[in-house]
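Colleague: Sequence first, then the predicted structure:
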Amino acid sequence: MTTIKVNDEQEIINKLSSYIQKISSDSIHNRGKFYVGLSGGSVVKYLCEGLPKLDTDWSKWVLAFCDERVVPEESEDSTFGIYKRQLIPRTGLKQEQFVTIKQGLSAEEAAKDYADKLKLVFNGNNFKFDLLLLGMGPDGHTCSLFPNHPLLDEIHLNVAAITDSPKPPPARITLTYAVVNEARNCIFTIGGSSKAEMVKRILKNKEDLPAARVNPVNGSLYWIIDEAAAALL
Ligand SMILES: O=C(O)[C@H](O)[C@@H](O)[C@H](O)[C@H](O)COP(=O)(O)O
């Protein structure tokens with residue numbers, strides 16, 4: 001694992017962008033495509049500011065979601081909705097390159113449908129992402145994997161539904177660790193003082209919280225943290 005401390009959120013964006021530039025170029029060069037998993041929350045802002053500056057062949061990108069809220073696409077809570085409005089117009093990306101949840105389904109149905117879509121995209125059940133872009137909540141959750149939730153022990157499903165998310169909205173779908181820890185690269189971007197206590201509990205005290213369980217078996221893990229979030233280390 002590599003921990004990268006930077007001064008502020010602008011430097012988080014710069015550092016994150018340079019990793020994405022390198023990983024996407026390598027993936028496209030070596031395998032012809034770049035499979036990336038996006039998150040919601042503050043990661044959206046970092047990506048919407050950083051990605052438009054990349055030098056890349058956008059047509060080679062396949063974008064999916066580490067987790068998604070089961071809400072209408074037009075809702076402020078829809079993670080895809082935000083990327084659609086704020087990222088697509090500023091890059092060469094097209095809507096069809098995003099693997100999205102189907103509208104109008106229950107969380108359970110949406111999880112199954114989303115897993116079926118990923119199966120097509122990855123040609124089978126081994127969902128190997130080149131890069132997962134992850135956030136961490138102040139409670140230590142990542143994706144929609146929350147502390148003490150039974151989903152932390154899900155080993156059969158690649159994509160799971162959750163209907164009691166402590167962070168609203170309650171209905172979501174999420175990748176499980178079976179997929180997360182198969183990724184070639186995982187990057188956490190963590191900024192702001194609200195994350196400082198949890199950054200300490202995970203990185204210093206080594207507590208077993210959901211974000212701490214992200215540890216790709218054959219991949220690389222990066223934590224990009226700004227000064228405010230790293231204050232208690
Ligand atoms: O809620 C979502 O959609 C997420 O994908 C979630 O896992 C997010 O990454 C963390 O909650 C951190 O969010 P913040 O960075 O906004 O705290």
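Modeller: Alright, I've got the coordinates.

Colleague: tally of neighbours for Asp67?
Modeller: As a burial measure, Asp67 scores 26 neighbours (other CB atoms under 10 Å). Using the backbone N, CA and C atoms, a C-beta is placed for each residue, glycine as well.

Colleague: Please apply the same query to the one 5 residues further on.
Modeller: By the measure other CB under 10 Å, the count of residues near Pro72 is 11.

Colleague: and it, what does it touch?
Modeller: By CB atoms under 8 Å, 6 or more residues apart in numbering, the contact list for Pro72 reads 78, 103.

Colleague: wait, does stretch 63-75 make contact with the ligand?
Modeller: Yes - Stretch 63-75 lies within reach of the ligand by CB under 6 Å from any ligand atom, at 66-67.

Colleague: what about that stretch, start to end distance?
Modeller: 20 Å (CA to CA, to the nearest Å).

Colleague: From the chain's centroid, how far away is it?
Modeller: Chain-centre distance of stretch 63-75: 12 Å, with CA atoms, centre = their mean, to the nearest Å.

Colleague: same thing with stretch 224-233?
Modeller: 20 Å.

Colleague: Near the ligand, which residues of this protein? Just list them.
Modeller: Residues of the chain lying near the ligand by CB under 6 Å from any ligand atom: 39-43, 66-67, 79, 135-137, 141-143, 167.

Colleague: Farthest pair within these?
Modeller: Farthest pair in those (CB to CB) is Thr79 and Met136. Separation: 15.6 Å.

Colleague: Between these two, which is the more surrounded one?
Modeller: Between Thr79 and Met136, counted using other CB under 10 Å, the more crowded position is Met136 (28 against 23).

Colleague: can I assume the more buried one sits in a strand?
Modeller: No - counting by DSSP: H, G, I helix; E, B strand; the rest coil, Met136 is not found in a strand; it is coil.

Colleague: Let me know the secondary structure of the nearest residue to it once chain neighbours are set aside.
Modeller: Nearest residue to Met136 in three dimensions, chain neighbours excluded: Ala211, at 4.4 Å (CB to CB, 6 or more residues apart in numbering). What three-state DSSP gives for Ala211 is helix.

Colleague: With Leu133 instead?
Modeller: strand.

Colleague: same question for stretch 12-32, mean pLDDT?
Modeller: Averaging pLDDT along stretch 12-32 gives 98.

Colleague: Which among the residues of the chain next to the ligand count as buried?
Modeller: Among those, the ones that count as buried by 16 or more other CB atoms under 10 Å are 39-43, 66-67, 79, 135-137, 141-143.

Colleague: Sort out for me which of those are in strands.
Modeller: Counting by DSSP state E, those place Asp67 in strands.

Colleague: CA atoms only for the longest helix seen in the chain - export them in PDB, please.
Modeller: The longest helix of the chain (DSSP state H) is helix 9-31. Taking Å, rounded to 0.1, in the frame of the first residue of the first chain, the C-alpha atoms of helix 9-31 are listed here in PDB:
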ATOM      1  CA  GLU A   9      -8.000  19.200  -2.200                       C
ATOM      2  CA  GLN A  10      -6.400  20.800  -5.300                       C
ATOM      3  CA  GLU A  11      -3.400  18.600  -4.800                       C
ATOM      4  CA  ILE A  12      -5.600  15.600  -4.300                       C
ATOM      5  CA  ILE A  13      -7.100  16.300  -7.700                       C
ATOM      6  CA  ASN A  14      -3.700  16.800  -9.300                       C
ATOM      7  CA  LYS A  15      -2.200  13.600  -7.800                       C
ATOM      8  CA  LEU A  16      -5.300  11.500  -8.600                       C
ATOM      9  CA  SER A  17      -5.300  12.800 -12.200                       C
ATOM     10  CA  SER A  18      -1.700  11.800 -12.700                       C
ATOM     11  CA  TYR A  19      -2.400   8.300 -11.500                       C
ATOM     12  CA  ILE A  20      -5.400   8.000 -13.700                       C
ATOM     13  CA  GLN A  21      -3.400   9.300 -16.600                       C
ATOM     14  CA  LYS A  22      -0.700   6.600 -16.100                       C
ATOM     15  CA  ILE A  23      -3.100   3.700 -15.300                       C
ATOM     16  CA  SER A  24      -5.500   4.400 -18.200                       C
ATOM     17  CA  SER A  25      -2.600   4.800 -20.700                       C
ATOM     18  CA  ASP A  26      -1.000   1.500 -19.500                       C
ATOM     19  CA  SER A  27      -4.400  -0.300 -19.600                       C
ATOM     20  CA  ILE A  28      -5.200   0.900 -23.100                       C
ATOM     21  CA  HIS A  29      -1.700   0.200 -24.300                       C
ATOM     22  CA  ASN A  30      -1.600  -3.400 -22.900                       C
ATOM     23  CA  ARG A  31      -5.200  -4.500 -23.200                       C
END
